[in-house]
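In: Build me a model:
(4 chains)
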2 protein chains.
Amino acid sequence: MNYFTSTSLKRIAESTVRRLSLYLSFLEGIERQGLKTISSDELARLGGTTSAQVRKDLSLFGSFGKRGLGYSVPELSEKLREILGLGKQWRVCIIGAGKIGAALARYRGFADRGFIVTAVYDSDQAKIGKRWDNLTVRSIAELEKDSAKQDFDIAVVATPAENTPAVVKQIVRAGIKAILNFAPVQLAVPADVTVRNVNMAMELEGLSFALSNRGD
Amino acid sequence: MNYFTSTSLKRIAESTVRRLSLYLSFLEGIERQGLKTISSDELARLGGTTSAQVRKDLSLFGSFGKRGLGYSVPELSEKLREILGLGKQWRVCIIGAGKIGAALARYRGFADRGFIVTAVYDSDQAKIGKRWDNLTVRSIAELEKDSAKQDFDIAVVATPAENTPAVVKQIVRAGIKAILNFAPVQLAVPADVTVRNVNMAMELEGLSFALSNRGD
DNA sequence: GATAGCTTGTGAATTACTTCACAAGCACGA
DNA sequence: TCGTGCTTGTGAAGTAATTCACAAGCTATC
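Out: Below is the predicted model of the structure:
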């Protein structure tokens, strides 16, 4: 199923997708508590939004609730997992075997959600060949060739800012269409490659701004 | 200077603040290259946005450019640092001495930008008292009392989901007004507390969604 | 000191996102 | 079977963010 083409022609906003993700995490908690149904109003309260927003978000993909009753928790979870593409396992490679790369390679949250780290790359000769748990750090030069075999879905970029543009070129050349970027630079990629940035400096500066500009 | 009250009455959107942060990082790179001026058009290209957007963002805070010339790189950097509140040092405490907390405590990027980690807390007796570089892990029970002395500006939450609501209550009670949240839950805080969430699962799911819903 | 060439700053127009508000539908009890 | 109470799904209205488009202003050159 494909929500850009078959179901609807609407472009789905990134903010909507973030909320869907959030709703799913709430539903999983609620499922564990054993509750069977939930209303848009309760979901909204958990997510800090409005019930209309919740219903609108879901209505972009279909009609999953029952009037008068709310949404079936397991059914809606399942639908959200399907919408978000969490039914399958995604093959992830990490580029950059520094501190962040190392932390990510060990991060349990990846595997828990079906994101399997299958390789780690670096350009530093000193790091290439080192073993990390069950992975061996490989040369970035091998990425394109490896990708042909392993068919990576997602590349995680955890390289120093200055190396990043070159690394991104190689990722694109390897045909990978999704990038999770931890480097503090904006990536230049073709339109068919999706990038999500995680940039701690930016988050901290947002807090700094808020603290500096409160009503006092 | 306070951009909510004195300069303008406009509420500044989070997306605007993110972009300002991004512009600043570009300007710093350009400054190192020794270039003296930059146009809104060049900044826009670096940031993947439009020149009108750049000019609009900056115009919310004043008029920093010269028609025909562009913006002075050092002058605009300085203005942005001022707007973002980066002139001073912010006192940061980390709550949660697990893997993420440990990685964050050592993260150089904090100090580089004026965010000084001055304490680490946990509720686990096994962790309390351990030394981390020049910090000792303290009991979360001490947070409120410590904060009265140390006056933390920002709390970084890196606790397991289930402990997080209780931890957040203590942060709020300690009078801390800004939280960087790594826990995969939505925080309930009063309106005068600013929260930024860093949630890797959500980013990955965004990529998963994009991969699942491309035109094919 | 006039002209040409750029680039800003900003109202107006457009596009995107959120909220309102209510008809329609379901469950349950009388 | 009918009525009551609740909750969805969704057009319409409202709000927010982005882009357009152009007058105004600066620099350099002749």
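In: For chain A, what lies in contact range of DNA strand D?
Out: By the rule C-beta under 7 Å from any atom of the strand, the part of chain A lying against DNA strand D is A:39-41, A:51-52, A:55-56, A:58-59, A:63-71. C-beta: built from backbone N, CA, C; applies to glycine.
In: got the residues of chain A near DNA strand C?
Out: A:11, A:13-16, A:49-50, A:52-53, A:55-56, A:66-69.
In: in chain A, which segments are predicted with low confidence?
Out: A:1-9, A:215-216 (pLDDT under 70).
In: So in it, which helix runs the longest?
Out: With secondary structure taken from DSSP state H, chain A has its longest helix at helix A:14-33.
In: and that one, C-alpha only, in PDB?
Out: Taking C-alpha atoms only, helix A:14-33 is exported to PDB below (Å, rounded to 0.1, in the frame of the first residue of the first chain):
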ATOM      1  CA  GLU A  14       6.300  15.700   8.000                       C
ATOM      2  CA  SER A  15       4.500  17.000  11.000                       C
ATOM      3  CA  THR A  16       1.700  14.500  10.400                       C
ATOM      4  CA  VAL A  17       4.200  11.600  10.100                       C
ATOM      5  CA  ARG A  18       5.800  12.600  13.400                       C
ATOM      6  CA  ARG A  19       2.400  12.600  15.100                       C
ATOM      7  CA  LEU A  20       1.500   9.200  13.700                       C
ATOM      8  CA  SER A  21       4.700   7.900  15.100                       C
ATOM      9  CA  LEU A  22       3.800   9.400  18.500                       C
ATOM     10  CA  TYR A  23       0.300   8.000  18.400                       C
ATOM     11  CA  LEU A  24       1.800   4.600  17.800                       C
ATOM     12  CA  SER A  25       4.100   4.800  20.800                       C
ATOM     13  CA  PHE A  26       1.100   5.700  23.000                       C
ATOM     14  CA  LEU A  27      -1.000   2.900  21.600                       C
ATOM     15  CA  GLU A  28       1.700   0.400  22.400                       C
ATOM     16  CA  GLY A  29       1.800   1.600  26.000                       C
ATOM     17  CA  ILE A  30      -2.000   1.400  26.100                       C
ATOM     18  CA  GLU A  31      -2.000  -2.000  24.600                       C
ATOM     19  CA  ARG A  32       0.300  -3.200  27.300                       C
ATOM     20  CA  GLN A  33      -2.200  -1.900  29.900                       C
END
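In: quick revisit: please indicate which of the residues of chain A next to DNA strand D are buried?
Out: Among the residues of chain A next to DNA strand D, those buried by neighbour count (16 or more other C-beta atoms under 10 Å in any protein chain shown) are A:Ser39, A:Ser40, A:Arg55, A:Leu58, A:Phe64, A:Gly65, A:Gly70, A:Tyr71.
In: Quick check on the first one: phi, psi?
Out: Its backbone dihedrals place A:Ser39 at phi -100, psi 160, with angles given as degrees, to the nearest 10.
In: repeat for the fourth one
Out: Comment: the main-chain dihedrals of A:Leu58 come out as phi -70, psi -40, following degrees, to the nearest 10.
In: And the helices in chain A?
Out: So, for chain A - with DSSP H - the helices run A:14-33, A:40-47, A:51-59, A:73-84, A:99-106, A:108-112, A:143-150, A:164-173, A:200-212.
In: does chain B sit close to the fifth one?
Out: Looking back up the chat, that one is helix A:99-106. Yes - using C-beta under 8 Å from any C-beta of the partner chain, helix A:99-106 reaches chain B at A:Lys99, A:Ile100, A:Ala103, A:Arg106.
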